[in-house]
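> For reference, the sequence and a predicted model appear below.
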Amino acid sequence: MKLLKINEWKKDIVGHKNKIFLSLIFLLIAIILTVLSGNYVDEVKTAKVPDLILNNIPTIDLSPIYVWGILVVILVYLSYPFIYQPRMIHYSIGVLSLFLAIRSGFLVLTHLQAPPGAIQVASKGIFQFISYKNDLFFSGHAGIPFLGFLIYKSKTIRYFLLFASIVLSITVLLMHVHYSIDVASAYFITYGVYKIGNTLFKSNPSQQP
């Protein structure tokens with residue numbers, strides 16, 4: 001990872017300001033869709049299903065990792081291109097927005113209720129508006145860091161995000177807040193999001209963040 005000179009950084013920001021602005025609009029739309037879908041699955045009739053893995057592992061409260069882990073992942077995901085690759089900010093935000101929008105669609109189509117014995121984390125402040133009980137399929141805790149692993153080429157960042165994805169996947173399973181299918185499917189769907197995002201948001205496929 002190499003820091004840009006301040007003049008180069010400003011040049012990249014100004015040169016891509018329109019794309020960055022559009023990606024932020026897309027992100028706002030994706031967040032709105034996330035809120036609407038989250039409220040929907042918490043209000044609509046849902047069903048609990050058996051899960052072979054959850055039935056055979058203990059329930060452990062790992063709330064600090066569950067909450068702060070995903071916040072650190074999002075911070076790293078967004079700050080890396082802003083600091084080191086400003087010309088790719090629109091790409092990173094755009095693919096993340098696509099991820100959130102597609103996940104919202106899956107949530108609306110999949111009416112699953114939180115597994116029995118799930119440890120629910122009480123969110124405060126602004127986070128209570130994006131915290132839901134039944135937003136299960138597919139797991140954002142597994143998918144978002146894995147998305148970062150796919151799009152970034154810096155070994156330090158990508159392997160940190162891969163490690164975070166594995167840790168958060170184990171965390172949500174041990175807390176029983178996700179079914180195993182939510183976690184397993186996240187990796188396949190996220191890869192599909194990554195491939196679609198490359199087509200939609202990369203102006204030059206040879207550029208890598």
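Perfect, I can see it now. Numbers count the residues shown, from 1 in each chain.

> Not counting sequence-adjacent ones, nearest residue to residue 108?
By the measure of C-beta to C-beta, 6 or more residues apart in numbering, the closest residue to residue 108 outside its immediate chain neighbours is residue 37, 5.1 Å from it. The C-beta positions use only the backbone N, C-alpha and C, and glycine is treated the same way.

> Packing partners of the longest helix seen in the chain?
In the chain, with assignment by DSSP state H, the single longest helix is helix 17-43. If contacts are counted by 3 or more C-beta pairs under 8 Å, 6 or more residues apart in numbering; DSSP states H and E, helix 17-43 sits against helix 89-109.

> buried residues in the helix it packs on?
Using 16 or more other C-beta atoms under 10 Å as the burial criterion, the residues of helix 89-109 that qualify are 89-104, 106-107.

> Check stretch 26-34 too.
By neighbour count, with 16+ other C-beta under 10 Å as the criterion, the buried positions of stretch 26-34 are 26-27, 30-31, 33-34.

> Can you give the contact residues for the helix or strand of the chain with the lowest mean pLDDT?
Of all the helices and strands that make up the chain, the one with the lowest confidence by mean pLDDT, DSSP states H and E is helix 6-15; it has a mean of 80. Outside helix 6-15, the residues that touch it by C-beta atoms under 8 Å, 6 or more residues apart in numbering are 4, 20, 86-87, 89.

> Least confident of those residues?
Scanning those for pLDDT, the low point is residue 4. It has 66.

> The residue nearest the centre of the chain: what's it in contact with?
The centre of the chain sits closest to residue 144, judged by C-alpha atoms, centre = their mean, with a distance of 2.7 Å. Residues counted as contacts of residue 144 (C-beta under 8 Å, 6+ apart) are 70, 73-74, 77, 96, 99, 165.
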